[in-house]
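Enquirer: okay, here's the prediction I keep looking at, along with the sequence it came from:
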Amino acid sequence: MKPRVKDIDRSEGLDIRAPTLSAEQHIPNLHLPWEEQGIKSRFLFKSLAAVMTASLRPKRGFIDHLGSIINPRTSNYDRIGALINSIDTVLPGTAKNLSNLLYRSGRLPVQVDNIKLYTYGTAAMVFLVETVQGRSVVKIYKKSLGNDLDGLMKVADFYKKKYELAKSWYDAPGLVPPTHFVIMPSPVLGSPAAACIQSYIEGEKKDFLNDFTDMELVNLIRQDDALRKQFICFAKQTIHMYCDNELCIDLLGEGNLILAKNDDLVTLNLIDYGIAPASLWKSRSAESYSKIDAYVSRLGTLLQKISGVRGNEILE
Ligand SMILES: Nc1ncnc2c1ncn2[C@@H]1O[C@H](COP(=O)(O)OP(=O)(O)O)[C@@H](O)[C@H]1O
Ligand SMILES: [Mg+2]
């Protein structure tokens, strides 16, 4: 059952802003046109990215890696990672050495004191950089590697549009960290890439939707006015966009919505905003769709449990 949002209590003074538009009006460029170009070089660079990030994978035994390699459901990216790590179990240091071999510091668009490979996700390789202004992350979009300038611009534009959309939906202070989109020489052999630079979220980070019980979240949110504003904005907008516009941000991606605790300050941060029509989640798998549905319903339940929003007005 989907949350019914039209009667949501707006007494928090956080109006829902996004107008009701079709998915195409929000994101005109849903199917990435550059997919058809430069297939060979894109495959090569994506494979190199997999080699470069292999050392970040959890340590497992040779047999486990072998299992991943032969499993037909393993993606190419993960298969390459497993292959490198299986070699690493026999020749320790291989994964790290290969990563270093591919790394080029290159010219970054910001003055940095230090840069290191930090982690990776489905779409991006993430580098942590230290600058005089503080720490930031540089996310190199794997899809962009091996593209010509036109392709790079399209990738950057695609992600930038999603960011701008997320920023306009979720305008509570600090909820969407400031992000800049650039074309730059990437650390992967210096190959040009579309990337974004985002402020680094400091402190202890946990996944908002997966690492807490309802009770823990409600207690945290009730104690903190700023966090409460962030959460109400996030929940109302997500429910509204999902129910009225059939659009949803990627709630499935581990660590996309994080709760960070830095000293005594607890903040909600949406660091990855893969906005897509609900139909896309549906077409991927019934399981993904029902998970998204369950997450959105949970946001409704959490809203109910926080004072100021009348429960029976949110859920049917
Ligand atoms: N601004 C940030 N601060 C701290 N960690 C981050 C930040 N952005 C990304 N990360 C880390 O990098 C991972 C992947 O980043 P994400 O933006 O989700 O990329 P992807 O689109 O590939 O999923 C996150 O799950 C998180 O662990
Ligand atoms: Mg992510």
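Expert: Alright, I've got the coordinates. Ligands and ions are numbered 1, 2, ... in the order given.
Enquirer: so who does Phe62 touch?
Expert: Taking Cβ atoms under 8 Å, 6 or more residues apart in numbering as the definition of contact, the neighbours of Phe62 are Ser86, Thr89, Val90. The C-beta positions use only the backbone N, C-alpha and C, and glycine is treated the same way.
Enquirer: which one of these is nearest ligand 1?
Expert: Lowest distance from ligand 1 to the contacts of Phe62 (Cβ to the nearest ligand atom) belongs to Ser86, with 23.6 Å.
Enquirer: quick one: low-confidence parts of the protein?
Expert: In the predicted model of the chain, residues 1-38, 106-107, 307-316 satisfy pLDDT under 70.
Enquirer: ok, back up a step: quick check, nearest of the contacts of Phe62 to Trp281?
Expert: Nearest to Trp281 among the contacts of Phe62: Ser86, at 32.9 Å, using Cβ to Cβ.
Enquirer: what about that closest one, neighbour count?
Expert: Number of residues near Ser86 (other Cβ atoms under 10 Å) recorded here: 22.
Enquirer: then the one 4 residues further on?
Expert: The burial count assigned to Val90 is 8, neighbours taken as other Cβ under 10 Å.
Enquirer: so which of the contacts of Phe62 reach ligand 1?
Expert: Intersecting the contacts of Phe62 with the surroundings of ligand 1, defined as Cβ under 6 Å from any ligand atom, gives nothing.
Enquirer: among these, which are in helices?
Expert: Using DSSP state H, the members of these that fall within helices are Ser86, Thr89, Val90.
Enquirer: any idea how many residues pack against Leu270?
Expert: As a burial measure, the neighbour count of Leu270 was computed by other Cβ under 10 Å and equals 23.
Enquirer: I figured it hits Ile249, correct?
Expert: Yes - if you go by Cβ atoms under 8 Å, Leu270 and Ile249 touch, sitting 7.2 Å apart.
Enquirer: what touches both of those two?
Expert: Applying Cβ under 8 Å, 6+ apart, one finds that Leu270 and Ile249 are jointly contacted by Ala166, Asn256.
Enquirer: ligand 2 contacts on the stretch 1-150 of the chain?
Expert: Residues of the stretch 1-150 of the chain that fall close to ligand 2, judged by Cβ under 5 Å from the ion: Gly121.
Enquirer: closest residue of the stretch 1-150 of the chain to ligand 1?
Expert: Nearest residue of the stretch 1-150 of the chain to ligand 1 (Cβ to the nearest ligand atom) works out as Gly121 at 2.2 Å.
Enquirer: what's around that residue, how many residues?
Expert: Neighbours of Gly121 using other Cβ under 10 Å come to 17.
Enquirer: from Cys233, how far out is it?
Expert: For Gly121, the distance to Cys233 under the criterion Cβ to Cβ, to the nearest Å works out to 24 Å.
Enquirer: also Ala82?
Expert: Using Cβ to Cβ, which is the criterion applied here, Ala82 is 40 Å from Cys233.
Enquirer: who's in contact with the residue of the stretch 151-300 of the chain found nearest ligand 1?
Expert: When distances are taken as Cβ to the nearest ligand atom, the stretch 151-300 of the chain reaches nearest to ligand 1 at Gly255, 2.9 Å away. Contacts for Gly255 (Cβ under 8 Å, 6+ apart) come out as Gly121, Lys205, Asp207, Ile271, Asp272.
Enquirer: related to what we said a few turns ago, so who does the residue of the stretch 1-150 of the chain closest to ligand 1 touch?
Expert: Residues near Gly121 by Cβ under 8 Å, 6+ apart: Gly253, Gly255, Asp272.
Enquirer: partners of Phe181 in the sheet?
Expert: Note on Phe181: beta-bridge partners by DSSP bridges are Cys196.
Enquirer: for Phe127, same thing?
Expert: On DSSP bridges, the residues paired with Phe127 through beta bridges are Leu117, Val138.
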